[in-house]
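1. got a predicted structure here, sequence first:
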Amino acid sequence: MISAREALVRLRDGNHRFAANLRSTEALATASRRAALTNRQEPFAIVLGCSDSRVPAEIVFDQGLGDLFVIRVAGNIVAPSQVGSVEFAAARFGTRLVVVLGHSQCGAIVATLEELRRPTANQSRNLQSIVDRVRPSVEGLLTTGAHRDIDALVAEGVRLNIRASADHLRHGSQILEQLIQEDGLLVVGAEYSLETGVVDFFDGVPADP
């Protein structure tokens, strides 16, 4: 089993390669790698990320087949199905690192702030469910930061939403809480920059990973 700290180092190294426009040959899909994964998998990290087409976790971390267990949903929100998916991978495969991966200029954050400012009539219930998950993280920004421009509000909202999702995983599941306390599971929050390609691990990261 790969420890959470070792997994975090692997992700950081992979992102450094990506941001430097390099590509590891180990990340390439080969017939032998596909065959080796036919009957088993051992992902070393779980990534709960945004569905944004510009933030595919395997690419931004320069990883290959079978390396990451990826859950993607708009706004990297945490709902029961996402919690269950994280529980499944952590318990079934022994994966000890969970990364909540948000990104700059997140459309779900923009949409939520816009909805809070000017509610939409006849909003889709499904879209509204995403806004409702993001809302608690960002609604305070409109009272404390109304004087700031929308870009600054979105930037702060992205980080607040990542922290909220990571905290939900840490404290919203008995299974994950037990794995954190007894088996070294680590849940961290990170933001991917669309502008630079760099992932900043900023929430819940050990001092010396």
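-> It's in. Note that this is a predicted model, so its numbers are computed, not measured.
2. who's sitting farthest from the centroid in the protein?
-> Distance from the C-alpha centroid of the chain peaks at Ala121, with 30.5 Å (C-alpha atoms, centre = their mean).
3. how about the strands in this protein?
-> 45-49, 68-72, 97-103, 186-192, 199-203 (DSSP state E).
4. what residues sit buried inside the last one?
-> Going by neighbour count (16 or more other C-beta atoms under 10 Å), the buried part of strand 199-203 is 199, 201, 203. Where C-beta positions appear, they are placed from N, C-alpha and C, glycine not excepted.
5. repeat for stretch 140-150
-> Buried residues in stretch 140-150 (16+ other C-beta under 10 Å): Leu141.
6. before we move on, back to that, closest to Ala20 out of the buried residues of strand 199-203?
-> Val199 (13.0 Å; C-beta to C-beta).
7. returning to what we had before: export the strands of the chain to JSON lines and tack on distance to Arg5 and mean pLDDT?
-> Below are the strands of the chain laid out as JSON lines (distance: least, C-beta to C-beta, whole Å; pLDDT from 0 to 100):
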{"stretch": "strand 45-49", "distance to Arg5": "11", "mean pLDDT": "98"}
{"stretch": "strand 68-72", "distance to Arg5": "17", "mean pLDDT": "98"}
{"stretch": "strand 97-103", "distance to Arg5": "8", "mean pLDDT": "98"}
{"stretch": "strand 186-192", "distance to Arg5": "8", "mean pLDDT": "98"}
{"stretch": "strand 199-203", "distance to Arg5": "12", "mean pLDDT": "98"}
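8. hey, which helix is longest across the protein?
-> helix 150-171 (DSSP state H).
9. quick one: distance of it to the chain centre.
-> Relative to the mean C-alpha coordinate of its chain, helix 150-171 is positioned 11 Å out (C-alpha atoms, centre = their mean, to the nearest Å).
10. quick check: mean pLDDT across it?
-> Averaged over helix 150-171, pLDDT sits at 95.
11. so what does the helix or strand of the chain with the lowest mean pLDDT touch, helix or strand wise?
-> None of the helices or strands of the chain scores lower by mean pLDDT, DSSP states H and E than helix 141-144, at a mean of 80. On a contact count with 3 or more C-beta pairs under 8 Å, 6 or more residues apart in numbering; DSSP states H and E, helix 141-144 meets helix 107-117, helix 150-171.
12. burial measure for Leu48, as a count.
-> Per other C-beta atoms under 10 Å, the neighbour tally for Leu48 reads 28.
13. so it sits against Gly75, correct?
-> No. Applying C-beta atoms under 8 Å as the test, Leu48 and Gly75 come out as separate, 10.8 Å apart.
14. got the contact list for the closest residue to Ala19 other than its chain neighbours?
-> Leaving aside its sequence neighbours, Ala19 sits nearest to Gly197 (C-beta to C-beta, 6 or more residues apart in numbering; 4.1 Å). Contact analysis of Gly197 by C-beta atoms under 8 Å, 6 or more residues apart in numbering lists 15, 18-19, 60.
15. kindly report the same for Leu153.
-> Counted by C-beta under 8 Å, 6+ apart, Leu153 has contacts 113, 138, 141-142, 145.
16. equivalent analysis for His171, please.
-> Glu177.
17. try Ile175
-> 87, 90-91.
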